[in-house]
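Undergrad: have a look; sequence and predicted model below, questions after that.
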Amino acid sequence: MPTDFKELKRALQTARRFEGLHDPMKTSAKVTGLWVRGAFMATLVGLAPGAMAQAPNAAPAPSQVPAAPAPALPATASVAAIVNDEIISTYDLSQRMRLLIATSGVQPTEQTLPQFQREALISLVDERLQLHELKRVEKEQKMDLVAKDDEVNEELASMASQNRVTPTQFSAQLSSQGIGIETLKQQLRAQISWQRWIRGRYGSRLRIGDDQINAQLQRILASASKPQYQISEVFLDANRVGGMPTALSGAAQLISQLQQGAPFQSVARQFSASASAATGGEVGWITLGEMPAEVDAAIEQMRPGQLSKPIEVRDGVYIIYLQDKRAGASATLVNLKQAAIALPQSASPADLDAAKSKLLALKGQIKGCDDLEKQAAKVSGVVAGDLGEAEIKDLAPAFREAAETLAVGQISDPIRTAAGLHILGVCGKRSGGDDEAQSREQIENRLFSQQLSMIARRYMRDLRNSATIETR
């Protein structure tokens, strides 16, 4: 939850400015693995429900299946969706959209509001399915699974503390922006309950064997000489959001918002279907081969600090942020400083000799890298600077020889290049991949989280496929 509620207010005010600008969506969609019909633009943008065209070759609409009478809604709300005979109202959806806007850092625009609506509706449907399943198990096994009010309130108090306010102030701040505290409580109740159930049911049975850990260690060792990339990810599951075109469009909109300053971690937490969403999309260091081939190809062309374009893979779309890149263990990296005299290639032998004499005299005064720039500043016509760290193999041939042969702290003789005459100071040398290796425990925890996340996704897929879901 953002600490700056002024930003939240501006976001919601922006959303209100787009009220009345949208037409009801008229495209076919497949939501959460089932063909459904009907869509509406939430009350956040002030539109009446509009029908959605039936998808070709779709299964019969859930509305054709006899259902129990739905409970009456308040006069100010209408039906947004029905999940196994339980209503999600337009008010519920409007509230969840507002909460999503506030917590994602993405500014609502005419283009992004349908994406907020879609994500909010998917989340609400999934939560209803989760709570239905938990209540079914509670009844069958005579056990408590759904989080109680005190657990939800404890989580709320923790969130308020992180925002440096009291729970009462936290609730009032949300309320002042049109977000009811019950909206957040409902979301937290479902999250707490479902995560506890998945970990309790499957976590105790899930075993990561020594063979799996050893295989992962061997892969790490085998790739130690390869370049490594520190990445964060957002993954849009095409099946979850309504097909590949929708996923590609949504990814393009999110990238636009990220480029305008939306926090990557917040976007990942709210929109990503990957297990890394829980950590704000943080994946950590990888080597090529750990991600889909399409993602590897994109990463190879990226520079640290760069955001990828939408990367289409078999089952969805990735957005990758490359935080950093480092050489493999077989590479040698060197940190260099230089002092130089600009000298064109057409310089006379006399000018070249004079420059060489000046730099040799300067070399005699330099006591080490820390002293190089200070001493160079005393000599007229000499420019000094830090060249940073680079792989030796990537250096110009003249510089490469000096970097390979000189020890740390040594200064080279003058080196001629097309730009002038240089002396180099070797300020540091190291092998690539010197970072601490992953422990067996770290590998085990990562594999455990990945497998538990996969189990949870399959569980949700089965719940969706067996449910009756209708949107209007």
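TA: Looks like it arrived, so ask away.
Undergrad: D371 and I411, how far apart?
TA: 10 Å (CB to CB, to the nearest Å). All C-beta atoms are positioned from the backbone trio N, CA, C, and that covers glycine.
Undergrad: the more surrounded of these two?
TA: Shown here are D371 and I411; by other CB atoms under 10 Å, I411 has more neighbours (23 against 14).
Undergrad: OK, contacts around I366?
TA: The contact partners of I366, by CB atoms under 8 Å, 6 or more residues apart in numbering, come to A339, L372, Q375, A376, I411, G425.
Undergrad: any chance you could map the strands in the stretch 351-472 of the chain?
TA: Ranges of strands within the stretch 351-472 of the chain are 383-391, 415-416, 420-431, 469-471, based on DSSP state E, counting those that start in this stretch.
Undergrad: quick check: angle from the third one to strand 383-391?
TA: Looking back up the chat, that one is strand 420-431. 40 degrees (axes from the mean of the first three to the mean of the last three CA atoms, to 10 degrees).
Undergrad: please identify the buried residues of strand 420-431?
TA: By neighbour count on 16 or more other CB atoms under 10 Å, the buried set for strand 420-431 is G420, L421, H422, I423, L424, G425, V426, C427, K429.
Undergrad: how long is stretch 366-384 from one end to the other?
TA: Start-to-end span of stretch 366-384 (CA to CA, to the nearest Å) is 12 Å.
Undergrad: also stretch 144-151?
TA: 13 Å.
Undergrad: what pLDDT, on average, does it get?
TA: Stretch 144-151 comes out with an average pLDDT of 93.
Undergrad: so where is the stretch 101-250 of the chain shaky, pLDDT-wise?
TA: 221-225 (pLDDT under 70).
Undergrad: helices of that one, residue ranges please.
TA: Under the criterion DSSP state H, counting those that start in this stretch, the stretch 101-250 of the chain contains helices at 113-141, 149-162, 167-176, 181-198, 210-222, 238-241, 244-259.
Undergrad: dump those helices to a markdown table, plus mean neighbour count and distance to G105.
TA: Output for the helices of the stretch 101-250 of the chain, formatted as a markdown table (neighbours: other CB atoms under 10 Å; distance: least, CB to CB, whole Å):
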| stretch | mean neighbour count | distance to G105 |
| --- | --- | --- |
| helix 113-141 | 19 | 12 |
| helix 149-162 | 14 | 16 |
| helix 167-176 | 15 | 16 |
| helix 181-198 | 18 | 17 |
| helix 210-222 | 13 | 34 |
| helix 238-241 | 22 | 19 |
| helix 244-259 | 19 | 8 |
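Undergrad: okay if I get the ones you listed as CSV plus distance to G289?
TA: CSV is the format used below for the helices of the stretch 101-250 of the chain (distance: least, CB to CB, whole Å):
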stretch, distance to G289
helix 113-141, 31
helix 149-162, 37
helix 167-176, 45
helix 181-198, 29
helix 210-222, 8
helix 238-241, 23
helix 244-259, 23
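Undergrad: all helices for the stretch 251-400 of the chain, in order.
TA: 264-271, 293-300, 349-365, 369-376, 397-405.
Undergrad: contacts for the last one?
TA: Judged by CB under 8 Å, 6+ apart, the contacts made with helix 397-405 from elsewhere in the structure are V334, L336, I392, K393, L395, S412, I415, R416, T417, H422, L424, V426.
Undergrad: picking that back up, out of the strands of the stretch 351-472 of the chain, which gets nearest to L307?
TA: Ranking the strands of the stretch 351-472 of the chain by proximity to L307 (CB to CB) places strand 383-391 first, at 23.1 Å.
Undergrad: other SSEs contacting the closest one?
TA: strand 332-342, helix 369-376 (3 or more CB pairs under 8 Å, 6 or more residues apart in numbering; DSSP states H and E).
Undergrad: tell me which of those sits most buried.
TA: strand 332-342 (a mean of 21; mean count of other CB atoms under 10 Å).
Undergrad: look up how far P397 lies from E404.
TA: From E404 to P397 the distance is 11 Å (CB to CB).
Undergrad: now do V408
TA: 21 Å.
Undergrad: quick one: which of the two has more around it?
TA: V408 (14 against 7).
Undergrad: in this structure the more buried one contacts G428, no?
TA: Yes. Using CB atoms under 8 Å, V408 is in contact with G428, at 6.0 Å.
Undergrad: which among the helices of the stretch 101-250 of the chain is found nearest to R440?
TA: Closest among the helices of the stretch 101-250 of the chain, using CB to CB: helix 210-222, at 5.4 Å.
Undergrad: quickly list what T471 is bridged to.
TA: A81 (DSSP bridges).
Undergrad: I misspoke; the intended subject was K325.
TA: Y229.
Undergrad: wait, it touches K226, no?
TA: No. Assessed by CB under 8 Å, K325 is found out of contact with K226, at 11.3 Å.
Undergrad: now the phi/psi pair for Q345, please.
TA: Reported as degrees, to the nearest 10, the phi and psi values for Q345 are phi -60, psi -20.
Undergrad: quick one: contacts for it?
TA: Counted by CB under 8 Å, 6+ apart, Q345 has contacts A418.
Undergrad: with respect to N239, which of the strands of the stretch 351-472 of the chain lies nearest?
TA: When those are compared (using CB to CB), the closest one is strand 469-471, at 13.8 Å.
Undergrad: name the helices or strands packed onto that closest one?
TA: strand 79-83.
Undergrad: who are the packing partners of the strand it packs on?
TA: strand 86-89, helix 90-104, helix 113-141, strand 469-471.
Undergrad: for V383, find the nearest of those.
TA: When these are compared (using CB to CB), the closest one is helix 90-104, at 47.5 Å.
Undergrad: and the angle from the closest one to helix 113-141?
TA: 110 degrees.
Undergrad: report the distance from helix 90-104 to the chain centre.
TA: Here the centre of helix 90-104 is set off from its chain's centre by 21 Å, with CA atoms, centre = their mean, to the nearest Å.
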